[in-house]
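J.: The sequence isn't on hand, but the structure is:
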């Protein structure tokens, strides 16, 4: 049973690397969505009073609204 600690150490190293990779991927996705939101609000819909880019919808569409909340413009974001 002298090699038990080596197996445990390898398992913990693998779990640590996997956890770090998932956290990094999550941070990348959040940054990408915030860039899309900024583009929607400050570039695409700058001439309108209201805009919507919901990070929880997966259609990646920016909607610009008139003062009466009617869709005036919509654009797909990558």
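T.: Noted; the coordinates are in hand. Fair warning: this is a prediction, and the values are worked out from it, not measured in the lab. Residues are numbered from 1 along each chain as shown.
J.: Need the per-residue pLDDT for the closest residue to residue 52 other than its chain neighbours.
T.: With sequence-adjacent residues excluded and distances taken as Cβ to Cβ, 6 or more residues apart in numbering, residue 52 is closest to residue 63, at 4.6 Å. (C-beta placed from N, C-alpha, C; glycine too.) On the pLDDT scale, residue 63 is placed at 92.
J.: Residue 63 belongs to a strand, doesn't it?
T.: Yes - assessed with DSSP: H, G, I helix; E, B strand; the rest coil, residue 63 lies in a strand.
J.: What's the separation between it and residue 16?
T.: Separation of residue 63 from residue 16 (Cβ to Cβ, to the nearest Å) stands at 41 Å.
J.: of the two, who's got more company?
T.: residue 63 (19 against 10; other Cβ atoms under 10 Å).
J.: Tell me the spacing between the more buried one and residue 71.
T.: 6 Å.
J.: ok, now residue 19?
T.: According to Cβ to Cβ, residue 19 and residue 71 sit 42 Å apart.
J.: same check, this time on residue 59
T.: Distance of residue 59 to residue 71, computed by Cβ to Cβ: 13 Å.
J.: ok, now residue 41?
T.: 15 Å.
J.: Neighbour count: the two, which is higher?
T.: Taking other Cβ under 10 Å, residue 41 and residue 71 do not tie; residue 41 has more neighbours (17 against 11).
J.: Retrieve the pLDDT associated with that one.
T.: Looking at residue 41, its pLDDT is 91.
J.: Assign the closest residue to it other than its chain neighbours to helix, strand or coil.
T.: Among residues not flanking residue 41 along the chain, residue 51 sits closest, at 5.0 Å (Cβ to Cβ, 6+ apart). Classification of residue 51 using three-state DSSP returns strand.
J.: returning to that earlier point: test my guess that the residue nearest to residue 52 contacts residue 44.
T.: No - Residue 63 lies out of contact with residue 44 (Cβ atoms under 8 Å); the separation is 9.4 Å.
J.: shared neighbours, these two?
T.: Residues touching both residue 63 and residue 44 (Cβ atoms under 8 Å, 6 or more residues apart in numbering): 51, 73.
J.: Between the two ends of stretch 50-63, how far is it?
T.: 8 Å (Cα to Cα, to the nearest Å).
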